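[1] Pasting the sequence and the predicted model now:
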Amino acid sequence: MPPLSILLWLPFVCGLLGALASAVLARGGRTNAEASAGDASAASGRGAWGAPGVVALVGSLVALGLAIAYIADYKSGGAALQHVTDTVWISTLGIHYKLAVTGLNVFLLGLTTLLFAVATLAANLRSWERPRLFYFHFMLAESAVLGAFLAQDLALFVSFFDLMLIPFYFLIGGWGREPGRIKATIKLVIYTLVGSLLMLAAAIATGVLASQQGGGHITFVLSALHALPLSSGSQEWIFLFFAAAFLVKMPAFPLHGWMPDGYRAMPIEVLMVFSGVLSKVGAYGFLAIVLPLFPQAAVHFQTLMLLIALASILYGSAQAFSQTDARLIAGYSSVAQLGFITLGIFSLNSQGAQGALLQMVNHGLVVAPLLFIVGLLAKRTGGSEDVRQMGGLAFRAPVLASLFLVVALATLAIPGSSNFVGEFLILLGVFKAKLAIAIIAFSGVVLASVYALRLFIRAMHNRVGPSADSHEISILDGAVLAPLIAVIVFLALYPQLALHRSERSVKAAVASVQASTVPAQTVARVISGPRVVHRSATFADSVRTP
Amino acid sequence: MIPLATAHLKGPHIDFAGLSPLIALLGGSVLVLIVGLLGSRWIRAQAVPSLSLGALGAALGLTIWQWNAQKSIVSGALRIDDLALVLNLVLIAGAACTVLLAWRSLAAREAAHGEFHALLLSSVAGMSLLAAAQNTVALFVGLELLSIPLYVLCATELKREHSLESGLKYLIVGSVGSATLLYGLAMIYGATGTTDFAGIASALSNGSLATDPLTLTGVALCVAGLCFKSSIAPFHQWTPDVYEGAPTPVTAFMAVTTKVAAFGVFLRFFDVALIDTQVSWGPALAVLATITILVGNVGALGQSSLKRMLAYSSVAQAGYMLAGVVVSTQLGVRATVFYLAAYLFMNMAAFAVIVARERQTDLGDSIGALAGLGRERPLLAWPMTISMLALAGIPATAGFMGKFYLIDAAVSGGYTWLGVAIVVGSMISLGYYLPVIAAMWMREAPAATSPNDASVLAPTPGPLPALAGGSSELDEDGGPLSGSQPEVLVVAVLAGAATIFFGVIPQPLFDLVHGAGSGLGLF
Amino acid sequence: MSSVLFFLAAIGVITGATGVVVLRNPFYSVLALVIHLVSLAVLFLLLRAEFVAAVQVVVYAGAVMVLYVFVVAYVGGESDSIGERLRSRGAVGSGLRLGGAILGGAVCVELLIALLGTGLEAINGYGAGYSPGPQAYGTPAYIGKLLLTRFLLAFEVASFLLLIAAVGGVVLARRRGGLEDEDERDLLTPLEMLRPRGTGTMAEGVGRRSP
């Protein structure tokens, strides 16, 4: 297998090369380029296959191929890091450039590259103003997200986590939709960077305090930090800072203020990856960084996090049910779905965490086509994304309607879909941890079917909308949707693929928490009754004994 | 009289090698002063800046020649060590950028080129002296040599009232600061009986002198005096007015190099001479740093003048850097010096773009002058973008590494809350850095100010300069200078590139500042 | 004896300094400054710093003050100054006055605490001991020796500082007349310097360059 750096930097290099190449070409035939630029902005938006876009598409497809190869090559035998790249980046600060594939990130890599490839294809179907810059930022975003998933060094992770916001800042601010574009951009960036910067301070503190405890040279490598657990007092404030960053990114209920404006302003192709991938970085951060490094704090704040997750589920579902803007329905459904994921992670046992991991992949796979379909629907209703303007679109577009139906059913986690497996595992995990919360969370499942079906019915059936002009999906648009639907169906048939390969890593991530639950038994007993404690204690023992 | 005449007076040994960078700067200053009197207009406008670049280049070469020196020279007045040499490099780089930015500026023309550059070079010499000073007398003389030319430089755009006001304000506030510092130094001398840093340190290390009220009052007055110079809240009020009123190249010079010199003193005086009173001034400076971070960042919000915004931002950055002084560890010294170097690149890129836009549009230094820059002049927009991102502390820029290092130092020194304060400050700072980027990439250029239109059409009144202080530097014929200004572009692009380079590959800079911390004898 | 002298001089210092700030007529302010400086010289004498005392009288009370008096006499006493703003009845004036008083009081209290609370015994002494001789403390010889050995660098840099301050003063004072006309005039090109004067160039013909 080629080193991971190739997968990581390939999109960025392609974006840069595409921009440079077309800049050189444009300089060669200036008049030509100006004429075509003028044409492109004036003429039909279709078929604007410029050099930057094509190069970016090739790059993202190759990255997708590499990611599939990594999935195929993944050895599910243990929780060890695979395909490790490890060199010292900044020796003074003990920061390593360490990348690796683990059971936690291998499918998220696949998801990221798939969604970016699909979104790049979708973007190529339109013509953009300043395409060089657009694809450059788009590909930079892919590299940054991949970097956040691959990083096995805390400082490197934080760097990529902060960095990935910058291209999105430009993408939304430069190519977003007009009403409130800049305001939405600044709101989004400030919300998310506030979290990220808190995380930066917390990450540095983690490195410094751990090295002071260990007495060695400062280091940020995750495995080394794992071996030097902090005192529970430090863990707690550091945990809160990390949680702030991740919850904003997801977004979770009280911290989602940037979401409605941001979703409304983003171009749909950007929104596909933003909603599909970026929110997962937050959840991934909880699973891969917070649980192993701050286990005592995770136990300490378990109830708080579960309540936040629950609030996100209920609030997101209720909002998704009452909104009329199709994008916001998708947006609030994401809030609810990520609530489920958080719920799974903070059930602090392996079923919940595994379900959360599976659900991360599922949600990305579902929300991206949903948003793309919303974009397609908007083209059929004169640009409006209000579900009240849609309606009756299925009549002339049966293929589109069927694709939409598959996506909608997957969204509501119909039995047989992979989402069902994911939610089932999550609820199982929560059921073990906190009975009451699990019971309330069940209502979220019901609400999901309500808002998903409402969206589908309002858009596709019902009375024909006032400005609706339905036509069938084009081949190229179909080409965007097809791979996503195919993967949804594949995972529905064979969810064990993801579950099996990630099992060991998830258990390893949760194990450190469960090791630290034992001293906290008394607290847990007060909160959740004796039965659960008994179980988790035995589980912890079983993890410890081997 | 007879005993005096026959008395044998042996002068101190003078290590000319160690003094050579200083001599190059002062000699260059005299040289440009003389050349500026001779010759035609062309010689004055072109040869004088070239000569001052040459002097700076010579000083740079001599500084590098002295690398790895560890010596006290001229009977202990100066200490030539890695800290002094690294700061010298930063100072010379900053001054060279200033010379380039001032090449065609109105300020240099109005003050006469020779005098302008002579003042500039002697100010750099003062800073270099200050960074190496090892007794309080040299410290004070260096501070004055730094300040007095700067007072004049601020007022060099003589016909603009704000420039004069800026010079006067700086003169008065700066004199108050100098007097306060002098009072403090006198008290410390009174308490310890010596002017040498090493002597002060050894006097303070025995007995109860370190907690004596007289000593502590002296320390407090020194803190106040230096805070005036490095614009640390609550002694920062002059900063926005002076930065806004001064000619932009001078503002760039002040923003970067004055900080370098002032922090050089902070590091050497507080972390060497007064280290035994650290328990007293450490917490006080930590509180000052926090106040400064908050005041600077909040003050910068909503400013429409870029220079004013950068002035407040420089106040905030001074607060960040103070964290490295507070902890008084080797790590803290290194982090401060690293941040000073990063600060040079970030600010020079921003100021170069402001200078360029002041000449291209008639909007002065208002944010509006940047609107649509991303489309029109990407070569100017990218450095500004990088600079803003770096100042805000985004990864892959030198600013991120600098903040990382500072927070690292703060946490290791037991000041975790100061690290958090730095982070909170960065958050607030997004509120004013991001709108600048938004203006460049996400807004259309106002039609009237695009340079092509201005040269073709009759000069339409257009929007008046949105802010009074912006120095609109116009070309000789009065119209906006639409021609190329390669030297400004070079500064912008190089500084921007360096910001990115040291953000991705910071190790060379880390190695450079490594020695700076070791020389002071701290932990 | 020395105590009496000290208190007399101290009263002179403080009254003089207060007078500079309080008196409205600039002329009287300058005279108050003279009293202040002369009293200061007496204090220096009490500290056995004869040279500094002499310099204080000669340079400050003599030369600099004479300049001040000239300037005040030229400009006249009625130019509105920054003092007007301070004395104004508006919010700014009273705010500044109040803030200034508070800050000044705070600094004064701090200094009193420092001086009263210090454990340094020399504070209660009478300065350096008096030992006559050409090289004793405070004599010109002693100071000169220090300046040329111990503080050589500071001495040299201070001389440069004076030069550059003079240059700065010239920059600020010279250019009031306007920029362009002076800039256009060719002052001294190297070629012109080689040519003997009064040899009839066009410039001399139109009177731009007198022989």
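    Alright, I've got the coordinates.
[2] SS state for residue B:522?
    coil (DSSP: H, G, I helix; E, B strand; the rest coil).
[3] tell me the contacts of it?
    Contacts for residue B:522 (C-beta atoms under 8 Å, 6 or more residues apart in numbering or on different chains) come out as B:271, B:275, B:328, B:329, B:330, B:333. To be clear about C-beta, it is placed using only N, CA and C from the backbone, and glycine gets the same treatment.
[4] I figured the third one hits residue B:278, correct?
    Spelled out, it's residue B:328. Yes: between residue B:328 and residue B:278 there is a contact under C-beta atoms under 8 Å: 5.4 Å.
[5] Mind checking which of the two has more residues around it?
    The neighbour count for residue B:328 versus residue B:278, taken as other C-beta atoms under 10 Å in any protein chain shown, is higher for residue B:328 (24 against 17).
[6] Next one: the closest residue to residue A:386 other than its chain neighbours, what pLDDT does it get?
    The shortest distance from residue A:386 to any non-neighbouring residue, by C-beta to C-beta, 6 or more residues apart in numbering or on different chains, is to residue A:324 (5.3 Å). Per-residue pLDDT puts residue A:324 at 84.
[7] which residues does residue A:324 contact?
    Per C-beta under 8 Å, 6+ apart, neighbours of residue A:324: A:386, A:387, A:388.
[8] Can you report how many residues neighbour the second one?
    If I follow you right, that is residue A:387. By other C-beta under 10 Å, 24 other residues sit near residue A:387.
[9] That one touches residue A:329, doesn't it?
    Yes: using C-beta under 8 Å, residue A:387 makes contact with residue A:329 at a distance of 7.3 Å.
[10] shared neighbours of these two, anything?
    Common neighbours of residue A:387 and residue A:329 (C-beta under 8 Å, 6+ apart) are residue A:455.
[11] on that earlier part again, among the contacts of residue A:324, name the ones in helices.
    Using DSSP state H, no member of the contacts of residue A:324 sits in helices.
[12] Using TSV, lay out those residues together with pLDDT and distance to residue A:213.
    Below are the contacts of residue A:324 laid out as TSV (pLDDT from 0 to 100; distance: C-beta to C-beta, whole Å):
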residue	pLDDT	distance to residue A:213
A:386	79	56
A:387	77	55
A:388	76	59
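[13] ranges for the strands of chain C?
    Counting by DSSP state E, chain C has no strands to list.
[14] Can you list the buried residues in stretch B:129-146?
    Buried residues in stretch B:129-146, counted by 16 or more other C-beta atoms under 10 Å in any protein chain shown: B:129-146.
[15] Next to chain C, which bits of the stretch 201-350 of chain B? Give me the list.
    Taking C-beta under 8 Å from any C-beta of the partner chain, the part of the stretch 201-350 of chain B that reaches chain C is made up of B:208, B:212, B:213, B:214, B:216, B:217, B:218, B:220.
[16] Apply 10 Å and report the result again.
    Contact residues, the stretch 201-350 of chain B versus chain C (C-beta under 10 Å from any C-beta of the partner chain): B:207-209, B:211-218, B:220-221, B:224.
[17] Do I have it right that residue B:410 meets residue B:328?
    No: counting by C-beta atoms under 10 Å, residue B:410 stays clear of residue B:328, with 11.5 Å between them.
[18] out of everything not next to it in sequence, what's closest to residue A:9?
    Counting by C-beta to C-beta, 6+ apart, residue A:143 is the residue found nearest to residue A:9 once chain neighbours are left out, at 6.0 Å.
[19] Can you report how many residues lie near that neighbour?
    Neighbourhood size, residue A:143 [other C-beta under 10 Å]: 25.
[20] Same check on residue A:307?
    The number of residues near residue A:307, taken as other C-beta under 10 Å, comes to 16.
[21] Kindly report the same for residue A:436.
    13.
[22] Show me what the one helix or strand it maps to is packed against.
    If you go by DSSP states H and E, residue A:436 is part of helix A:435-460. If contacts are counted by 3 or more C-beta pairs under 10 Å, 6 or more residues apart in numbering or on different chains; DSSP states H and E, helix A:435-460 sits against helix A:302-322, helix A:326-345, helix A:350-380, helix A:398-411, helix A:418-433, helix A:521-528.
[23] now do 8 Å
    If you count contacts as 3 or more C-beta pairs under 8 Å, 6 or more residues apart in numbering or on different chains; DSSP states H and E, helix A:435-460 packs onto helix A:302-322, helix A:326-345, helix A:398-411, helix A:418-433.
[24] now for the ones you listed, which one comes closest to residue B:115?
    helix A:326-345 (62.8 Å; C-beta to C-beta).
[25] so what does the closest one touch, helix or strand wise?
    Using 3+ C-beta pairs under 8 Å, 6+ apart, helix A:326-345 is in contact with helix A:259-265, helix A:279-285, helix A:302-322, helix A:350-380, helix A:418-433, helix A:435-460.
[26] what about residue A:199, distance to residue A:425?
    Distance from residue A:199 to residue A:425, counting by C-beta to C-beta, to the nearest Å: 28 Å.
[27] For stretch A:449-467, give me every contacting residue.
    Defining contact as C-beta under 8 Å, 6+ apart, one finds that stretch A:449-467 is touched by A:317, A:320-321, A:326, A:329, A:332-333, A:377, A:381-382, A:384, A:387-395, A:401, A:404-405, A:408-409, A:411-414, A:470.
[28] Taking those residues, please make a PyMOL selection of just the buried ones.
    Those of the contacts of stretch A:449-467 that count as buried under 16+ other C-beta under 10 Å are selected in PyMOL with:
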select buried, chain A and resi 317+320+321+326+329+332+333+377+381+384+387+389+390+391+393+394+401+404+408+409+411+412+413+414+470
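[29] that older thread, give me the distance from the helix holding residue A:436 to the chain's centre.
    On the basis of C-alpha atoms, centre = their mean, to the nearest Å, helix A:435-460 is displaced by 21 Å from the centre of the chain it belongs to.
[30] Buried by neighbour count: which residues of the next helix or strand after it qualify?
    Where DSSP H and E defines the elements, the next helix or strand beyond helix A:435-460 is helix A:475-493. Going by neighbour count (16+ other C-beta under 10 Å), the buried part of helix A:475-493 is A:477, A:480, A:481, A:483, A:484, A:485, A:487, A:488, A:491, A:492.
[31] Which elements pack onto the next helix or strand along the chain from helix A:475-493?
    On the C-terminal side of helix A:475-493, the nearest following helix or strand under DSSP H and E is helix A:496-517. If you count contacts as 3+ C-beta pairs under 8 Å, 6+ apart, helix A:496-517 packs onto helix A:106-124, helix A:291-293, helix A:295-300, helix A:350-380, helix A:530-544.
[32] Please spell out which residues along helix A:496-517 are buried.
    A:497-499, A:501-517.
[33] What lies in contact with that helix?
    By C-beta under 8 Å, 6+ apart, the residues outside helix A:496-517 that reach it are A:71, A:74, A:76-79, A:102-104, A:106-107, A:226, A:287-288, A:291-292, A:295-296, A:298-299, A:348-350, A:353-354, A:357-358, A:361, A:418, A:421, A:491, A:524, A:536-537, A:539-540, A:543-544.
[34] Please state the offset of that helix from the chain centre?
    19 Å.
[35] helices or strands up against the strand or helix carrying residue B:326?
    Here residue B:326 is covered by helix B:306-327, with elements defined by DSSP H and E. In terms of contacts (3+ C-beta pairs under 8 Å, 6+ apart), helix B:306-327 is packed against helix B:238-245, helix B:248-253, helix B:259-265, helix B:278-300, helix B:330-360, helix B:398-412, helix B:416-442.
[36] Put the alpha carbons of that helix into PDB.
    Provided in PDB are the C-alpha atoms of helix B:306-327 (Å, rounded to 0.1, in the frame of the first residue of the first chain):
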ATOM      1  CA  LEU B 306      -7.200  49.200   9.300                       C
ATOM      2  CA  LYS B 307      -4.300  50.900  11.000                       C
ATOM      3  CA  ARG B 308      -6.400  51.500  14.100                       C
ATOM      4  CA  MET B 309      -7.600  47.900  14.000                       C
ATOM      5  CA  LEU B 310      -4.000  46.700  13.800                       C
ATOM      6  CA  ALA B 311      -3.000  49.100  16.600                       C
ATOM      7  CA  TYR B 312      -5.500  47.500  18.900                       C
ATOM      8  CA  SER B 313      -4.500  44.100  17.600                       C
ATOM      9  CA  SER B 314      -0.800  44.900  18.400                       C
ATOM     10  CA  VAL B 315      -1.900  45.800  21.900                       C
ATOM     11  CA  ALA B 316      -3.500  42.300  22.200                       C
ATOM     12  CA  GLN B 317      -0.400  40.600  20.700                       C
ATOM     13  CA  ALA B 318       1.700  42.400  23.300                       C
ATOM     14  CA  GLY B 319      -0.500  40.800  25.900                       C
ATOM     15  CA  TYR B 320       0.100  37.400  24.400                       C
ATOM     16  CA  MET B 321       3.900  38.000  24.400                       C
ATOM     17  CA  LEU B 322       3.900  39.200  27.900                       C
ATOM     18  CA  ALA B 323       2.800  35.700  28.900                       C
ATOM     19  CA  GLY B 324       6.300  34.500  27.900                       C
ATOM     20  CA  VAL B 325       7.900  37.100  30.100                       C
ATOM     21  CA  VAL B 326       5.700  36.300  33.100                       C
ATOM     22  CA  VAL B 327       6.600  32.700  33.400                       C
END
